[in-house]
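Q: With the input below, show me the fold.
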Amino acid sequence: MSTNNSQFLTFAAEKEKNSSVSLKSLFAKYIYYWPFIVLCTIVMIIVAFLYLRIAEPMYEVKASLLVTNPKEADKPQESQSVLDKIDLPNTPEVVENEIAKLKSAKLINQVINDLQLTVNYQQKKGLFYKEAYTSLPFKLVMIKPNPDVALNTETFIKVKDSQTFLVKTNDGDYKPYSFNDILHTDIGTWKLIPANTSSEPKDEPVKITLLDPDKLVEQYQKNIDASLQDKLATAIDLSFSTNDRQKGKDILNHLIEVYNSNEIGDKNKETQNTIKFIDQRLASLSGELNGVEKDIASFKSSNGLTDMTSDAKFALDKLQSNDSRLSEINVQLSIVDGIERYVNSAHTGDRAPAVIGINDPSLVSSVEKLSQLQLQHDQLLATTPETNPDFEEINSQIKTTKAAIKDNVKNIKASLLNAQNKLQSLSSNSESSIASLPGQERQFISIKRQQSIKENLYVYLLQKREEVSLSYATTVSNYKVLDSAHSLPSKWPNSKLIYVAALLFGIILPAIFIFLRQLLKAVLLDPSEVEDALGAPVFSEISFDELFTVAVKRGLVPEQFRSLRTKLYGLRANNDLPTVTLITSSVSAEGKSFIASNLGVTLASAGRKTIILELDLRRSAIKAIFNLSKKHAGITEFLSGKSSLDKIILPSGTDPLLDVISSGTLVANPAELLENGKLAEFISKLRETYDEIIIDTPPVHLVADAYIIARVCDISLYVIRQGVTSKSELKFIKPLMENNKLPKIQIVFNGVNVKRYGYGYDYDDSYYESTPGTGHLPI
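A: All right, here's what the predicted structure looks like:
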């Protein structure tokens, strides 16, 4: 296995073992930008402060209801048994239905219309207009809105005094009107009435806006929350979020009031039908009775009849008794026929017919149940499309109840018809006995009998009407108010939460911005980016120090080069043998000449006889670093045979053990010069004299010179510079390492500026005491 491949495997295992990220290292990445983060935090806190100054407080208004059993609610308290009182309604079916009613669009729309909440009042407070619900000395009453006017049309009003107000016209002027005057403007027909408030008139106008009722209904449906207090209880909690406490109380209280009114109204519809039926029959009977009484008076007058004989009275009494019972049966048959028509009809939108005089508890209970089911169906239809699965259960129950009613009606009708036949038979027998009476008495008995029938029926219906009217007057709703609407303390804005959020956003947002900015940068900033892409560790890091000099013996950068020197020793099988180290990079300006120069100085300071070769024959840099003469012969002269080896070697001037050979005269075809066969001879002679040979080569991604030079080298240091080397270069470097195109490639991460970029090892150079010297070696 090659050295590089072994290095990849070792690094992968080590990286997996030490995968946790150091918080200190992460913090160091952002510490350079602390002024920017502090500025953003201050700005966010200022924004939070301004928001708190202008934000409208939000309050939560609460109320609670207790839902009772519908059957139990209609019974007098004293008539309820113990079992009745503990018979709780089915919570999922009853209470959930009540919650749906309370949040229905129909109910909320009625509240909006009753309170005229589509009229929105706003008054200027500071720089902004804010809603004014109770603080105004007037109230707008919309008589007839203009359907053609655009919603959210604004009207401006000023109060002049207790009698007069001003309305802004289309041309910008204000026109005076008196309170209670009926106005016809763009928004429709309306009037302004004075309100019972102690607020004084203000110079600032009040802005009145007509809101969209449909959107307002939708908004209130979201703001009103109705929920069970407990799964086993039947209490409903109502809450409403609003920026005006009184407005919230008014809305919830009126919602409960409208709900109560609708509940009682729905219950009384069946009773109203019964009363209507009775009133119609009573009106008809009253006319008939008047006619019969007139006939009796006329008959007596014309025939001189004062009274009946005892036989006639007996026969009439017997007939009247049968007729009274027969009238009751006929009423019952009429009601049963009405129930039968109702259940057989395809349209069941109307309420169930009256059940007065029906003594069968099963039929009465079934009709009441059918009425309740129909009511639930209609209420659900008001808020839910008929395709909803909930309708399946209700429709199924209606169908089953109707079938039960049909069976009951059939049996009751048969029983009533049987009783009717018996009574009619008895009446026929009594009529036979009357036939033997004198003619005048027979006629008088016949008229008197009609009067008795109608009187008995009239009294019977009148009694039933009183019973139904008493039931109508004592109808109660299915709920009790536990707590009327009351306001809780302001829940928003929460100043502590907002300031904490501002502080966090002031830190997090700039951190995200910095992270994304650096992530989107095309250059390498973090050594971990190199390690993750190449699958190998960074061999060494060299910090950025523009004031670094070769004479400095202590300090961060010299220590890093000493560390690099030690690591190079670890790559060698035998440290006593001469070593040729190639130093290259992807492009220029990445610091390969800086690394070569300072590495040579460091090796020489350790007692190793070292020479630096400037084999970048296209662009010279070593000459300038060591202040060498540009006219002195160099490597190009040797390779072309124009000069000998001993004539091109120059002392570095920084250490007696360090020599330098410059590039010499720059040539147009350096690759051909390097391929002429003398390079191997050149390096071989240097190995005889020097322990360390450092070669500064051209950038390997630009020209092929480094590949030629690599044939005579032992180790390669590939220089990557923070903030300079492009991330795309990693795609070029990785195949070089995997295919060993350069010997023992090691990555040197150069120019690390922790303070600027926040990446790199956290070196503490305060540990070192530098002594200034001379011999400046720039990066």
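Q: Next, the buried residues of whichever strand or helix holds K369.
A: Assigned by DSSP states H and E, K369 falls within helix 361-383. Within helix 361-383, the residues that count as buried by 16 or more other CB atoms under 10 Å are 363, 366-377, 379-380. (Each C-beta comes from the backbone N, C-alpha and C, glycine too.)
Q: Check which residues of stretch 499-514 are buried.
A: Counting neighbours by 16+ other CB under 10 Å, one finds that the buried residues in stretch 499-514 are 502, 505-507, 510-511, 514.
Q: Do you have the strands of the stretch 201-350 of the chain handy? List them.
A: 206-210, 224-228, 235-242 (DSSP state E, counting those that start in this stretch).
Q: Poorly predicted segments of the stretch 1-150 of the chain, please.
A: 1-29, 69-94, 149-150 (pLDDT under 70).
Q: and with 50 instead?
A: The model of the stretch 1-150 of the chain has pLDDT under 50 over residues 1, 8-9, 17-21, 71-92.
Q: Then the chain?
A: Using pLDDT under 50, the chain drops low at 1, 8-9, 17-21, 71-92, 436-437, 440, 549, 551, 760-763, 766-779.
Q: what does the domain assignment say about it?
A: Taking automatic domain parsing as the domain assignment, the ranges for the chain are 119-210, 272-478, 527-767.
Q: Just name the most buried of those domains.
A: Each of these was assessed for mean neighbour count using mean count of other CB atoms under 10 Å. The highest is domain 527-767, with a mean of 19.
Q: coming back round to it: which helices and strands sit right next to the helix or strand that the helix holding K369 is followed by?
A: Next along the chain after helix 361-383, taking DSSP H and E as the criterion, comes helix 390-434. When contacts are defined as 3 or more CB pairs under 8 Å, 6 or more residues apart in numbering; DSSP states H and E, helix 390-434 sits against helix 310-344, helix 361-383.
Q: which one of the buried residues of helix 361-383 sits closest to T579?
A: Checking the buried residues of helix 361-383 against T579 with CB to CB, the nearest one is L380 at 91.0 Å.
Q: can I assume the closest one is in contact with E392?
A: No - between L380 and E392 there is no contact under CB atoms under 8 Å: 11.4 Å.
Q: I'd like the strands of the stretch 201-350 of the chain as JSON lines, with distance to N253 appended.
A: Formatted as JSON lines, the strands of the stretch 201-350 of the chain follow (distance: least, CB to CB, whole Å):
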{"stretch": "strand 206-210", "distance to N253": "24"}
{"stretch": "strand 224-228", "distance to N253": "13"}
{"stretch": "strand 235-242", "distance to N253": "10"}
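Q: Tell me which of these sits nearest to V111.
A: Smallest distance to V111 across the strands of the stretch 201-350 of the chain (CB to CB): 9.7 Å, for strand 224-228.
Q: coming back round to it: tabulate the domains of the chain (a markdown table), appending distance to Y51.
A: Listed next are the domains of the chain as a markdown table, based on distance: least, CB to CB, whole Å:
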| stretch | distance to Y51 |
| --- | --- |
| domain 119-210 | 12 |
| domain 272-478 | 38 |
| domain 527-767 | 32 |
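Q: Tell me which of those lies nearest to L252.
A: Judged by CB to CB, the one of the domains of the chain that comes nearest to L252 is domain 119-210, at 14.1 Å.
Q: Is L509 within a helix or a strand, and which one?
A: helix 495-519.
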